[in-house]
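A.B. asks: quick one: sequence and predicted model below, then my questions.
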Amino acid sequence: MMRFNLFDDVPCENVEEIQDVVFCVKGSRKLRLNIARPKGMQRERLPAIVYIHGGAWIEGDHRGPMNYPFAAHGYFTISIEYRLSWEATFPAQIHDCKAAVRWLRAHAEELKIDPDRIGVWGDSAGGHLAALLGTSGGVSELEGEGCWEGYSSRVNAVIDLFGPTDLFKLSKGRNMLYSPECMLVGGPLEEKAEIVRMANPITYVTPEAPPFLIIHGENDEIVPFSQSELLYNALREAGVEATLIKVKNAGHMFLPVPPNAEIKPSIKEILQIMIAFFDKHLKKKQ
C-alpha cells in the first residue's frame, strides 16, 4: 500500500530522529516507536503528538517522516507500531496504541513533554485507531494489561484522516472472508458482533471526548465518506467540538479522483489545517 504523504516540500532540517525505541513488550513481540523532535535543548516542556499508521490493520510500521512537519513546528512526536491483524486480533491494536500514550506520560519528565497536552493523528486504519483513542479514554476493556499501567491513556486532541468507524456498514458488498475488517476481528462480523461494537469509536462517544478534526475525500471508495459522517454526527450530538472537512475530488489517501483532478483543499492546505488544529488545542496561549 502506498504510504500517505504530508511532508513534501516541508523544511525539516531542524528535526532530529531517534529510531526503534521499545515502548512495550507483548510476549516475545517488542513494540517500537520513532521519535521526531526539534533539534536543540528545550527550555519548556513540549506538547506531544502521536502518529498511528494506516495499512488496513494488515501492514505498515512506525518508520517514515510522517511527523516531521509537526516536529519542525515545535512538537515532540512519536510514530508508533502496533500488532497487525495477522499477529493478533482486536483489541490488541488499541491496547498497543494506549500503551504508547502511557509510555509518553511515564517518561514525560525525561522527554521534556507536557503530559497534559498530547494529541494523536492517523490515516485510514490509523485514523480509526486515533478516533478510538479519543473516544475511549478511561474504558478499561480497551486498556490492555502491562506496559506502564497506572498512567492515563487519554489524549487531548484527535485528527482522523479517512478512518473507518462502523465495520458493519463498511463491509457491505465486500468479500467477507478476506476483508481487512474480518481479519481485524478474527472472523465474520456477524459472529463477532460484540468485538465489532468494541472496535467502533462511536460506541464510546461522550461529552468528555476531546476535540476532533476529521478530514475525508468525497470520492473515497475504500473507506466511504459516510464513515466519517457517522462519527462526526455522533460527536456533535454529544456536544463534542468536532470539525468535518470534505476534500473535493479526492479518493482514499487524498489521491485525485478522477485522475488529474485538483483536490480542494490541497495537501499543503490540509497540512496547515492540521497544524492549526493542534496549535489551538495543544499549545499554550501566550
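C.D. replies: Yep, that arrived.
A.B. asks: pLDDT on stretch 192-207, on average?
C.D. replies: When pLDDT is averaged over stretch 192-207, the result is 97.
A.B. asks: tally of neighbours for F254?
C.D. replies: 24 (other C-beta atoms under 10 Å). The C-beta positions use only the backbone N, C-alpha and C, and glycine is treated the same way.
A.B. asks: what do you get for P259?
C.D. replies: P259 - counted by other C-beta under 10 Å - has 8 other residues nearby.
A.B. asks: ok, now A99?
C.D. replies: Here the count is done by other C-beta under 10 Å, and A99 has 27 residues near it.
A.B. asks: name the helix or strand for it, please.
C.D. replies: Counting by DSSP states H and E, the element that carries A99 is helix 92-106.
A.B. asks: go on, I214?
C.D. replies: If you go by DSSP H and E, I214 is part of strand 212-217.
A.B. asks: just Q227 next, same as before
C.D. replies: The secondary structure element spanning Q227 is helix 225-237 (assigned by DSSP H and E).
A.B. asks: same question for V247.
C.D. replies: If you go by DSSP H and E, V247 is part of strand 242-247.
A.B. asks: pull the contacting residues for H216.
C.D. replies: Shown in contact with H216 (C-beta atoms under 8 Å, 6 or more residues apart in numbering): L161, F162, V223, F225, Q227, S228, L244, I245, K246, V247.
A.B. asks: got the contact list for the second one?
C.D. replies: In this case it means F162. Taking C-beta under 8 Å, 6+ apart as the criterion, F162 is in contact with D123, S124, G127, I215, H216, G217, D220, V223, S228, H252, M253, F254.
A.B. asks: which parts of the stretch 51-200 of the chain are helices?
C.D. replies: Along the stretch 51-200 of the chain, the stretches classed as helices by DSSP state H, counting those that start in this stretch are 68-72, 92-106, 108-111, 125-135, 167-170, 180-185, 193-199.
A.B. asks: remind me which residues of the stretch 151-286 of the chain are low pLDDT?
C.D. replies: Of all residues in the stretch 151-286 of the chain, those with pLDDT under 70 make up the ranges 173-176, 285-286.
A.B. asks: swap in 90 and give it another go.
C.D. replies: Along the stretch 151-286 of the chain, the parts satisfying pLDDT under 90 run over 171-178, 284-286.
A.B. asks: so the strand holding I214 versus helix 125-135, what angle?
C.D. replies: Strand 212-217 and helix 125-135 are oriented at 160 degrees to each other (axes from the mean of the first three to the mean of the last three C-alpha atoms, to 10 degrees).
A.B. asks: alpha carbons of strand 212-217, in PDB - could you do that?
C.D. replies: What follows is strand 212-217, C-alpha atoms only, in PDB (Å, rounded to 0.1, in the frame of the first residue of the first chain):
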ATOM      1  CA  PHE A 212     -11.800  16.200  16.800                       C
ATOM      2  CA  LEU A 213     -10.800  17.200  13.300                       C
ATOM      3  CA  ILE A 214     -12.000  14.700  10.600                       C
ATOM      4  CA  ILE A 215     -10.800  15.000   7.000                       C
ATOM      5  CA  HIS A 216     -12.100  12.700   4.300                       C
ATOM      6  CA  GLY A 217     -12.100  12.500   0.500                       C
END
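A.B. asks: buried sites along that strand?
C.D. replies: Going by neighbour count (16 or more other C-beta atoms under 10 Å), the buried part of strand 212-217 is F212, L213, I214, I215, H216, G217.
A.B. asks: re the thing from before, so what touches the helix holding A99?
C.D. replies: Residues from elsewhere that reach helix 92-106 (C-beta under 8 Å, 6+ apart): 23-24, 26, 31, 33, 48, 50, 52, 57, 78, 80-85, 111, 113, 115, 118, 120, 129-130, 132-133, 136, 142-144, 146-149, 151-155, 184, 199.
A.B. asks: ok, now with 6 Å
C.D. replies: With C-beta atoms under 6 Å, 6 or more residues apart in numbering as the contact definition, helix 92-106 has outside contacts at 23-24, 31, 48, 52, 80, 82-83, 115, 129, 132-133, 142-144, 147-148, 151, 153.
A.B. asks: equivalent analysis for stretch 109-120, please.
C.D. replies: With C-beta under 6 Å, 6+ apart as the contact definition, stretch 109-120 has outside contacts at 42, 45-50, 76, 105, 108, 130, 133, 155-158, 278, 282.
A.B. asks: dump it to CSV, restricted to CA.
C.D. replies: This file holds the C-alpha atoms of stretch 109-120, laid out as CSV (Å, rounded to 0.1, in the frame of the first residue of the first chain):
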residue,chain,number,x,y,z
GLU,A,109,10.0,14.4,32.7
GLU,A,110,13.0,12.9,30.9
LEU,A,111,11.5,13.6,27.4
LYS,A,112,10.6,17.1,28.5
ILE,A,113,7.0,16.9,27.3
ASP,A,114,3.8,18.2,28.9
PRO,A,115,1.6,15.1,29.8
ASP,A,116,-1.5,17.3,29.7
ARG,A,117,-1.0,18.2,26.1
ILE,A,118,-1.0,15.0,24.0
GLY,A,119,-2.6,14.8,20.5
VAL,A,120,-3.0,11.9,18.2
